[in-house]
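# sequence isn't available, so here's the structure alone:
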């Protein structure tokens with residue numbers, strides 16, 4: 001009997017640790033940002049400030065889009081900072097897109113501590129920044145990497161609710177190595193604990209993705225990225241279910257693409273790497289990220305916008 005009580009005590013202690021310490025194992029802000037983006041080799045980028053509704057001022061890096069090109073809003077993953085995503089921003093900029101690299105609270109020397117509600121507020125600050133630049137929403141493409149898919153999906157859902165008529169709909173959403181929710185992810189990793197009850201920052205992408213009201217591209221690794229690979233089909237099915245309902249009502253569905261890659265950020269089309277030249281055209285096989293960015297930014301207004309507005 002004593003050993004059963006001891007075992008129960010250990011289990012309860014694990015549950016308590018999982019509840020109270022989980023953010024230490026979810027967010028890994030590392031380092032302080034360089035004083036200027038140019039110190040990382042980025043060309044044409046300038047430091048910017050995002051002002052949040054709760055009074056924080058967050059560092060960000062910004063390169064305005066040339067002409068009428070789209071602006072890609074990068075929401076990075078849970079580790080490092082925007083300085084670790086220079087290669088991604090440079091590729092997009094060289095392909096002819098504007099890029100806003102959003103740094104979260106508590107990351108890169110920014111004040112505050114990261115949380116689900118905090119990251120959502122940071123995404124709203126990014127939206128206000130783009131509005132202040134005079135960029136119409138149809139030129140915005142939200143790019144969420146891993147945990148960054150959470151703020152990307154949430155912001156897209158909120159924007160769809162704000163503009164249900166589709167006259168200024170969001171240009172598109174890209175989810176790279178996204179998960180259905182952190183509760184699902186944690187439940188798979190720590191199967192011996194009731195993680196679906198314990199997770200506080202849930203990032204329920206699966207529950208929200210049908211309401212984003214925008215063209216969608218899902219990409220993930222085909223190797224060494226098992227979690228994202230497992231999460232992509234449910235996300236795709238939920239998005240497609242919305243489109244199937246729209247078709248049954250005689251409306252045009254929003255475009256949706258999927259792609260795979262060897263790892264977290266290395267995309268491939270069939271057997272060859274995806275690359276984009278300076279004009280955004282393909283080198284090698286078709287369907288580079290740059291070409292698909294152009295496609296979703298030019299896609300017709302999504303049918304799900306009206307329903308997204310009701311969902312809020």
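Yep, it's here. Treat the numbers as computed from the prediction; the structure is a model and nothing was measured. Numbers count the residues shown, from 1 in each chain.
# and stretch 114-122, which residues are buried?
Neighbour counts over stretch 114-122 (16 or more other C-beta atoms under 10 Å) mark 114-116, 118-122 as buried. In this view, the C-beta of every residue, glycine as well, is placed from N, C-alpha and C.
# go through the residues you listed and flag which are in helices.
Among these, the ones falling in helices (DSSP state H) are 116, 118-122.
# returning to what we had before: quick one: which of the buried residues of stretch 114-122 is nearest residue 211?
Residue 211 lies nearest to residue 120 out of the buried residues of stretch 114-122, by C-beta to C-beta, at 14.6 Å.
# wait, doesn't the closest one sit right on residue 156?
No: at 11.6 Å, residue 120 does not count as touching residue 156 under the criterion of C-beta atoms under 8 Å.
# any regions of this structure where pLDDT drops low?
163-167, 222-225, 241-312 (pLDDT under 70).
# ranges for the strands of it?
In the chain, strands defined by DSSP state E lie at 28-29, 46-51, 57-63, 71-75, 79-80, 98-102, 140-145, 172-176, 216-221, 256-261, 267-269, 272-273, listed in chain order.
# need the winner for burial among those.
Among the strands of the chain, strand 172-176 has the highest mean neighbour count (mean count of other C-beta atoms under 10 Å), at a mean of 30.
# what sits closest to residue 34 if chain neighbours are left out?
With C-beta to C-beta, 6 or more residues apart in numbering as the criterion, residue 34 has its nearest non-adjacent residue at 5.9 Å, and that residue is residue 40.
# count of residues packed around that neighbour?
Neighbour count for residue 40, taken as other C-beta atoms under 10 Å: 18.
# ok, it - contacts?
Counting by C-beta atoms under 8 Å, 6 or more residues apart in numbering, residue 40 touches 34, 83, 86.
# from those, list the buried ones, please.
Buried members of the contacts of residue 40, scored by 16+ other C-beta under 10 Å, are 83, 86.
# in a markdown table, list the contacts of residue 40 along with distance to residue 131.
Compiled in a markdown table, the contacts of residue 40 are given as follows (distance: C-beta to C-beta, whole Å):
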| residue | distance to residue 131 |
| --- | --- |
| 34 | 27 |
| 83 | 26 |
| 86 | 26 |
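# residue ranges of the helices in the stretch 51-200 of the chain, please?
86-94, 116-132, 149-162, 182-189, 195-198 (DSSP state H, counting those that start in this stretch).
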